[in-house]
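Undergrad: Next comes the sequence, and after it the predicted model I'd like to discuss.
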Amino acid sequence: MIDVTHLSFSFGNHLVLQDVSFTLGQGEFAFLMGPSGSGKTTLLRILHGALPLTRGKATVAGFELRKITSWNRHLLRRMVSVVFQDFKVLPHRTVFDNVALPLFVRGTAKDIIHKRVAVVLRSLHLEDKVQVRCEELSGGEQQRVAVARAIVVKPKVLLADEPTGNLDRTLALRMMDVFRQFNRFGTTVLLATHNPEMVARVPEARVLNIQEGRIV
Amino acid sequence: MMLVRLVSQGVRDIFRTPLSLATTVLSLTVVIFLGSSFLFVLYNLDRNIKASQGEVVFQIYWKPDAPKETVFQHWSSIGEMPGVISLETFTPLDALNKLKDRFSIEDNLSLETTLPYTALIYARVPEADPRAWMQAMHDRLLALPGVEQVHYDPLRVDGAASWFSWSKRLFIPVATVLLTLIALASGVAVRVTLAVKREELELLSLVGASPFFMRIPLVVGAATQGILASLIAISMLYGVHRYLQTMFQGTLFAFSFLPQSYIFICIGTVILFSILGSYISFRQF
């Protein structure tokens, strides 16, 4: 589902990723472990088409990233969902609007949108916040909204960048259970974290250690 | 169905942020109003100068023995010739009275038989090849039965021709500059307004929205704002036109409203560049 070969990336003269290679099969769960500045976020951004692939080769959900342009990138993004470190929720919109957004852009029927959003919000204990605007939520709640938005479309691949960073321990562990459960339905999950406790919560997961831009 | 949904969403979106809508429409209105006002002044100046510079006079002398009925027939037909503004006619008696008035002669003169019928024709030369038109008009008048001589001032025609040529050279570039300024300002105004939407569009792109899904509402929104601003600005200009018309009534300077083609070009430019502005703002998504 994710196939990366000799991928390197630099911002100007600063080499951020060096010769990264790994493969993740369908339904696999993997952690991308490494300290801050090791290149986790950059790698996830490349895999999501937010940064261009300049050196190496990568295929995600059947899409060769070198062939991705601004006109077909949305096709990749319909297969690959991302949970961002900074949530990226629309503050002035309600929880429902935020979570329904990926379904809305796919032209999903209204009744299906309502059903699916309700199920996902219930699984993340946000069912009583449906009509609350995101700016009124706590950091942890906003993070759960971001997760709900990523999983509501049942993507083939789920990329998550420090998705438990703003949650207390109990909520973080519960969130890991959501990812785990979601993974059991066949979604490939690649989760960037520097928290070993989260890694321990999913014992069957693979761990890709990344340091100074290299998988070690 | 999806297209209709996106178009209506584009219109709804701009009304969801009334303050932003008001600011954009206001700035666009000011730009269009100022630009079209300059165009209006330029157009009227050009028109009035052309009217005064482009006016020429032909003087016709009929043969002294030309039958009165024929001459009178000519007088009514000449007035309907293309380009003729007015006609001043003189019978031999009129001419004699005019002479008497002019030179304060009290005695009875009996020169009637020797004086010919004459007429002064005031005409407006066309912009396209005025010299050829003048020559053709001259030949046409001279060909009338009983006409002996036709005079006109060739220098006047040269003056008109050179003004038309200058006007052509000046008006189009100045109008183009004005339209360019309107276009650029419209584009920039829309881009500035859309900057607040960057976050939302970035997110739409990240969750898999197609380029059309993101751009159609923006383009529709920008076009709607352009149309609104253009309508307000053109209405304001019409108000100014009516006011000036009343103010200058009875003077030689006549104000005309911009022709429809100019209005459409103005509105079209604003809409086009508002759309382009919105498109360029988010071409990376």
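TA: Looks like it arrived, so ask away.
Undergrad: Could you use CA atoms for every contact and neighbour count after this?
TA: Fine.
Undergrad: Remind me what whichever helix or strand A:V120 is part of packs against, helices and strands.
TA: Per DSSP states H and E: A:V120 is located in helix A:110-123. Using 3 or more Cα pairs under 8 Å, 6 or more residues apart in numbering or on different chains; DSSP states H and E, the elements in contact with helix A:110-123 are helix A:95-105, helix A:139-151.
Undergrad: Show me what the host helix or strand of B:A119 packs onto, helices and strands only.
TA: Applying DSSP H and E as the criterion places B:A119 in strand B:118-124. Where contact means 3+ Cα pairs under 8 Å, 6+ apart, strand B:118-124 is packed against strand B:55-62, strand B:84-90.
Undergrad: The first one - contacts with which helices or strands?
TA: Meaning strand B:55-62. Using 3+ Cα pairs under 8 Å, 6+ apart as the test, strand B:55-62 ends up in contact with strand B:118-124, strand B:147-152, helix B:154-194.
Undergrad: Could you export the helices and strands packed on helix A:110-123 as a markdown table, including mean pLDDT and distance to A:D19?
TA: Listed next are the helices and strands packed on helix A:110-123 as a markdown table, based on pLDDT from 0 to 100; distance: least, Cα to Cα, whole Å:
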| stretch | mean pLDDT | distance to A:D19 |
| --- | --- | --- |
| helix A:95-105 | 93 | 33 |
| helix A:139-151 | 89 | 29 |
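Undergrad: Make CSV from the ones you listed and add distance to B:L206 and mean neighbour count to it.
TA: Shown next, in CSV, are the helices and strands packed on helix A:110-123 (distance: least, Cα to Cα, whole Å; neighbours: other Cα atoms under 10 Å in any protein chain shown):
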stretch, distance to B:L206, mean neighbour count
helix A:95-105, 9, 24
helix A:139-151, 10, 24
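Undergrad: now those helices as JSON lines including distance to chain B?
TA: As requested, the helices and strands packed on helix A:110-123 are exported to JSON lines (distance: least, Cα to the nearest Cα, whole Å):
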{"stretch": "helix A:95-105", "distance to chain B": "5"}
{"stretch": "helix A:139-151", "distance to chain B": "8"}
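Undergrad: Please, which helix or strand holds the residue of the stretch 101-250 of chain B found nearest chain A?
TA: The nearest approach of the stretch 101-250 of chain B to chain A comes at B:G208, 4.4 Å away (Cα to the nearest Cα). According to DSSP H and E, B:G208 maps onto no helix or strand at all.
Undergrad: Check the gap between it and A:R106 for me.
TA: 8 Å (Cα to Cα, to the nearest Å).
Undergrad: Put the alpha carbons of the strand holding B:A119 into PDB.
TA: In PDB, the C-alpha atoms belonging to strand B:118-124 read as follows (Å, rounded to 0.1, in the frame of the first residue of the first chain):
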ATOM      1  CA  THR B 118     -27.100  80.600 -52.700                       C
ATOM      2  CA  ALA B 119     -27.000  78.300 -49.700                       C
ATOM      3  CA  LEU B 120     -24.700  77.600 -46.800                       C
ATOM      4  CA  ILE B 121     -24.600  73.900 -45.900                       C
ATOM      5  CA  TYR B 122     -23.300  73.000 -42.400                       C
ATOM      6  CA  ALA B 123     -22.100  69.400 -42.400                       C
ATOM      7  CA  ARG B 124     -20.200  67.000 -40.100                       C
END
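Undergrad: the inter-axis angle of that strand versus strand B:55-62?
TA: The directions of strand B:118-124 and strand B:55-62 differ by 160 degrees, with axes from the mean of the first three to the mean of the last three Cα atoms, to 10 degrees as the criterion.
Undergrad: next structured bit after strand B:118-124?
TA: Next along the chain from strand B:118-124, counting by DSSP H and E, comes helix B:130-142.
Undergrad: so that next one versus strand B:55-62, what angle?
TA: Going by the same axes, to 10 degrees, helix B:130-142 makes 20 degrees with strand B:55-62.
Undergrad: Check which helices and strands helix B:130-142 sits against.
TA: strand B:147-152, helix B:154-194.
Undergrad: Strand partners (parallel or antiparallel) of the shortest one?
TA: Which is strand B:147-152. Counting by DSSP bridges, the strands paired with strand B:147-152 are strand B:55-62 (antiparallel).
Undergrad: what's next to the helix holding A:V120, contact-wise?
TA: Helix A:110-123 is contacted by residues A:96, A:99-100, A:103-104, A:127, A:130, A:145, A:148, A:151-152, A:178 when judged by Cα atoms under 8 Å, 6 or more residues apart in numbering or on different chains.
Undergrad: repeat that with 10 Å
TA: Helix A:110-123 is contacted from outside by A:95-104, A:107, A:125-130, A:144-145, A:147-154, A:175, A:178, using Cα atoms under 10 Å, 6 or more residues apart in numbering or on different chains.
Undergrad: Fine by me, thanks again.
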